[in-house]
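In: Pasted the sequence and its predicted model underneath.
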Amino acid sequence: MIKKIDRNKNRQKRHYKMRNKIQGTPERPRLNVFRSSSNIFVQVIDDTKGVTIAAASTLDNDIKEKVSGLNKTEAAKIVGQEIAKKSIDKGIEAVVFDRGGYLYHGRVKSLADGARESGLKF
(Lines give C-alpha, C1' and ligand atoms only; values in the text may rest on other atoms or scores of the structure.)
Protein backbone atom coordinates (compact mmCIF):
# COMPACT_ATOMS: atom_id res chain seq x y z
CA MET A 1 0.00 0.00 0.00
CA ILE A 2 1.31 3.45 -0.96
CA LYS A 3 1.19 6.04 1.80
CA LYS A 4 0.39 9.65 1.02
CA ILE A 5 3.22 12.09 1.67
CA ASP A 6 2.46 14.61 4.41
CA ARG A 7 3.97 17.76 2.90
CA ASN A 8 3.33 19.90 5.98
CA LYS A 9 5.18 17.41 8.18
CA ASN A 10 8.14 17.50 5.79
CA ARG A 11 8.04 21.32 5.84
CA GLN A 12 8.04 21.32 9.63
CA LYS A 13 11.09 19.06 9.68
CA ARG A 14 12.93 21.48 7.36
CA HIS A 15 11.84 24.38 9.58
CA TYR A 16 13.12 22.71 12.77
CA LYS A 17 16.49 22.08 11.10
CA MET A 18 16.71 25.73 10.09
CA ARG A 19 15.65 26.96 13.53
CA ASN A 20 18.61 25.16 15.09
CA LYS A 21 20.87 27.46 13.05
CA ILE A 22 18.83 30.70 13.01
CA GLN A 23 18.46 32.84 16.13
CA GLY A 24 16.84 36.28 16.39
CA THR A 25 18.62 38.83 18.55
CA PRO A 26 17.53 42.31 19.68
CA GLU A 27 19.91 43.89 17.13
CA ARG A 28 18.91 41.52 14.32
CA PRO A 29 15.56 39.79 14.96
CA ARG A 30 14.11 36.91 12.99
CA LEU A 31 11.60 37.54 10.17
CA ASN A 32 9.34 34.49 10.23
CA VAL A 33 6.98 33.56 7.36
CA PHE A 34 3.88 31.37 7.51
CA ARG A 35 2.01 30.63 4.33
CA SER A 36 -1.50 29.19 4.29
CA SER A 37 -3.39 28.23 1.16
CA SER A 38 -4.97 31.67 0.78
CA ASN A 39 -3.07 34.06 3.11
CA ILE A 40 0.47 34.90 4.18
CA PHE A 41 1.58 35.93 7.67
CA VAL A 42 4.91 37.43 8.74
CA GLN A 43 6.36 38.32 12.15
CA VAL A 44 9.54 39.99 13.36
CA ILE A 45 10.58 38.08 16.49
CA ASP A 46 13.24 38.66 19.16
CA ASP A 47 14.08 35.12 20.29
CA THR A 48 16.11 36.14 23.33
CA LYS A 49 13.03 37.71 24.97
CA GLY A 50 10.47 35.60 23.10
CA VAL A 51 8.63 38.71 21.90
CA THR A 52 6.96 39.56 18.60
CA ILE A 53 8.10 43.04 17.65
CA ALA A 54 6.01 43.56 14.50
CA ALA A 55 3.55 41.52 12.47
CA ALA A 56 1.64 41.79 9.19
CA SER A 57 -0.64 39.58 7.14
CA THR A 58 -3.08 39.69 4.27
CA LEU A 59 -5.88 39.68 6.87
CA ASP A 60 -4.91 43.05 8.41
CA ASN A 61 -7.56 45.66 7.66
CA ASP A 62 -5.26 48.19 5.97
CA ILE A 63 -3.53 45.50 3.88
CA LYS A 64 -6.76 43.68 3.01
CA GLU A 65 -7.98 46.75 1.10
CA LYS A 66 -4.74 46.99 -0.89
CA VAL A 67 -4.60 43.30 -1.87
CA SER A 68 -8.21 42.86 -2.92
CA GLY A 69 -8.23 41.85 -6.57
CA LEU A 70 -4.53 40.92 -6.66
CA ASN A 71 -3.07 37.46 -6.95
CA LYS A 72 -1.33 35.83 -3.96
CA THR A 73 2.21 36.63 -5.13
CA GLU A 74 1.45 40.33 -5.53
CA ALA A 75 -0.31 40.34 -2.15
CA ALA A 76 2.78 38.80 -0.54
CA LYS A 77 4.93 41.61 -1.94
CA ILE A 78 2.64 44.20 -0.34
CA VAL A 79 2.80 42.35 2.99
CA GLY A 80 6.61 42.42 2.74
CA GLN A 81 6.56 46.17 2.15
CA GLU A 82 4.26 46.69 5.15
CA ILE A 83 6.38 44.60 7.54
CA ALA A 84 9.45 46.53 6.42
CA LYS A 85 7.74 49.84 7.19
CA LYS A 86 6.56 48.63 10.61
CA SER A 87 9.96 47.27 11.61
CA ILE A 88 11.87 50.34 10.38
CA ASP A 89 9.47 52.52 12.40
CA LYS A 90 10.45 50.48 15.49
CA GLY A 91 14.17 50.96 14.76
CA ILE A 92 14.95 47.60 13.14
CA GLU A 93 16.85 47.81 9.86
CA ALA A 94 18.35 44.30 9.57
CA VAL A 95 16.72 40.91 10.13
CA VAL A 96 17.49 37.22 9.77
CA PHE A 97 15.12 35.67 7.21
CA ASP A 98 13.32 32.51 8.38
CA ARG A 99 11.38 31.12 5.44
CA GLY A 100 9.59 28.60 7.66
CA GLY A 101 10.67 25.51 5.75
CA TYR A 102 9.06 26.74 2.53
CA LEU A 103 11.01 26.83 -0.72
CA TYR A 104 12.40 30.23 -1.61
CA HIS A 105 10.24 30.99 -4.63
CA GLY A 106 6.78 32.27 -5.41
CA ARG A 107 5.09 34.01 -2.48
CA VAL A 108 8.02 33.67 -0.07
CA LYS A 109 10.46 35.20 -2.58
CA SER A 110 7.99 37.96 -3.42
CA LEU A 111 7.57 38.82 0.27
CA ALA A 112 11.35 39.00 0.74
CA ASP A 113 11.76 41.18 -2.36
CA GLY A 114 9.05 43.57 -1.16
CA ALA A 115 10.71 43.88 2.24
CA ARG A 116 14.12 44.52 0.63
CA GLU A 117 12.69 47.18 -1.69
CA SER A 118 11.27 49.01 1.33
CA GLY A 119 14.67 49.17 3.04
CA LEU A 120 14.88 46.06 5.22
CA LYS A 121 18.26 44.28 5.10
CA PHE A 122 18.59 40.50 5.23
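Out: Received it, and whenever you're ready, just let me know what you need. Residues are numbered from 1 along each chain as shown.
In: Can you tell me the centre-most residue of the protein?
Out: Nearest to the geometric centre of the chain sits Val33, at 2.6 Å (CA atoms, centre = their mean).
In: ok, that residue touching Gly100?
Out: Yes: Val33 is in contact with Gly100 according to CB atoms under 8 Å; the separation is 4.7 Å. Any C-beta I mention is one placed from the backbone N, CA and C, and that applies to glycine too.
In: Between those two, which contacts overlap?
Out: Taking CB atoms under 8 Å, 6 or more residues apart in numbering as the contact rule, Val33 and Gly100 both touch Val108.
In: quick one: Gly101 and Lys9 touch, right?
Out: No: the pair Gly101 / Lys9 is not scored as a contact, 10.2 Å apart, by CB under 8 Å.
In: Between those two, which is the more surrounded one?
Out: Between Gly101 and Lys9, counted using other CB atoms under 10 Å, the more crowded position is Gly101 (19 against 8).
In: Just give the nearest non-adjacent residue to the more buried one, would you?
Out: Nearest non-adjacent residue to Gly101, counting by CB to CB, 6 or more residues apart in numbering: His15, 3.3 Å away.
In: what do you get for Phe97?
Out: Nearest to Phe97 is Phe122, by CB to CB, 6+ apart, at 4.8 Å.
In: got the contact list for the one you found?
Out: Counted by CB under 8 Å, 6+ apart, Phe122 has contacts 31, 94-97, 112, 115-116.
In: and which of the residues you listed is nearest to Ala55?
Out: Of all the contacts of Phe122, Leu31 has the smallest distance to Ala55: 10.5 Å, by CB to CB.
In: Count the neighbours of the closest one for me.
Out: For Leu31, the neighbour count with other CB under 10 Å is 29.
In: Confirm that it sits in a helix.
Out: No: counting by DSSP: H, G, I helix; E, B strand; the rest coil, Leu31 is not part of a helix but strand.
In: I figured it hits Ala115, correct?
Out: Yes: using CB under 8 Å, Leu31 is in contact with Ala115, at 7.2 Å.
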